[in-house]
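J.: Here you go, sequence then predicted model.
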Amino acid sequence: MLEQKHSSGRFVLPGEQLGVIEEFMPESGTYVKDGIIHSKIVGYALIDFHDRKVSVYPRFHGARFPRVGSIVIGQVSNVQPQMATVRIFKVGKRPLSGFFTSMLHVSDVQLRFVESMFDVCRTGDIIRAEVISEKNRIYHLSTKGKSLGVVYAFCSNCGYMLEQKYRELYCARCGKVEKRKIAADYGRGII
Ligand SMILES: [Zn+2]
């Protein structure tokens with residue numbers, strides 16, 4: 001009964017009772033009043049029955065998960081003729097602790113017709129995109145718009161970072177010229 005009452009991972013609000021000091025050591029995110037341990041924050045209770053400790057870890061506010069409309073930063077992990085897979089590692093300005101898988105379809109790259117994803121991005125590129133739909137935690141992206149597209153691209157021949165020259169990108173190391181759908185601030189370090 002007691003163990004159930006103190007289940008770990010339970011969502012708690014400030015002031016909520018978590019246990020008594022005879023049972024547990026109060027740790028981060030808690031306070032003690034009259035021998036009773038309370039949560040100090042909005043979060044999830046973490047009860048360590050082995051070491052008899054209790055803490056509350058915060059529930060993050062805001063866009064910890066990409067949502068429809070979120071501007072995200074990701075790395076291209078795979079490119080097929082019609083589709084690229086992108087690992088989202090940043091939502092807005094917030095870096096994520098893990099990454100989310102997303103897809104960019106060739107029809108969502110720009111308003112004009114695009115024949116092949118290989119003219120849009122390559123594996124390893126860093127891309128800025130908007131989330132346009134989500135289903136079963138798979139996100140679909142769009143790079144329509146001037147501020148969206150590849151922000152860093154790497155030479156498919158030698159891996160060197162490509163520099164922008166007019167509407168194309170070139171490799172200062174091996175001289176290869178490549179195409180991408182680039183963002184207006186390509187290569188300026190703003191991700
Ligand atoms: Zn190169």
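T.: Sure, I can see it.
J.: Count the neighbours of the nearest residue to His140 once chain neighbours are set aside for me.
T.: With C-beta to C-beta, 6 or more residues apart in numbering as the criterion, His140 has its nearest non-adjacent residue at 4.5 Å, and that residue is Ser133. Heads up, the C-betas are built off the backbone N, CA and C, glycines and all. Ser133 has 12 neighbours, counted by other C-beta atoms under 10 Å.
J.: did I read that right, Ser133 in a helix?
T.: No. Counting by DSSP: H, G, I helix; E, B strand; the rest coil, one finds Ser133 to be strand, located in no helix.
J.: which ones are touching it?
T.: Residues in contact with Ser133 (C-beta atoms under 8 Å, 6 or more residues apart in numbering) are 68, 139-140.
J.: Could you check how far it is from Lys53?
T.: Separation of Ser133 from Lys53 (C-beta to C-beta, to the nearest Å): 42 Å.
J.: before we move on, what about Arg128?
T.: 42 Å.
J.: Please apply the same query to Asp185.
T.: Asp185 is 47 Å from Lys53, by C-beta to C-beta.
J.: try Val177
T.: Using C-beta to C-beta, Val177 is found at 60 Å from Lys53.
J.: For Arg128 and Lys53, work out which one has more neighbours and name it.
T.: Arg128 (24 against 16).
J.: Check the average confidence over the helix or strand containing that one, would you?
T.: Using DSSP states H and E, Arg128 sits in strand 126-135. The pLDDT scores in strand 126-135 average 95.
J.: got the angle for the helix or strand just after that strand vs strand 126-135?
T.: Counting by DSSP H and E, the next helix or strand C-terminal to strand 126-135 is strand 138-142. Angle, strand 138-142 to strand 126-135, by axes from the mean of the first three to the mean of the last three C-alpha atoms, to 10 degrees: 130 degrees.
J.: which residues are contacting the host helix or strand of Leu18?
T.: According to DSSP H and E, Leu18 maps onto strand 17-20. Residues outside strand 17-20 that contact it (C-beta under 8 Å, 6+ apart) are 6, 12, 24, 26, 30, 35-39, 45, 47, 54, 56.
J.: ditto for stretch 137-146
T.: 66, 72, 74, 86, 88, 100-105, 108-111, 120, 127-134, 148-149, 181, 183-184.
J.: Looking at these, which are in helices?
T.: Judged by DSSP state H, helices contain none of these.
J.: Roughly how far does the residue lying closest to Gly35 once chain neighbours are set aside sit from Ser28?
T.: Computed as C-beta to C-beta, 6+ apart, the closest residue to Gly35 that is not its neighbour in sequence is Ile21, at 5.2 Å. As defined by C-beta to C-beta, Ile21 lies at a distance of 15 Å from Ser28.
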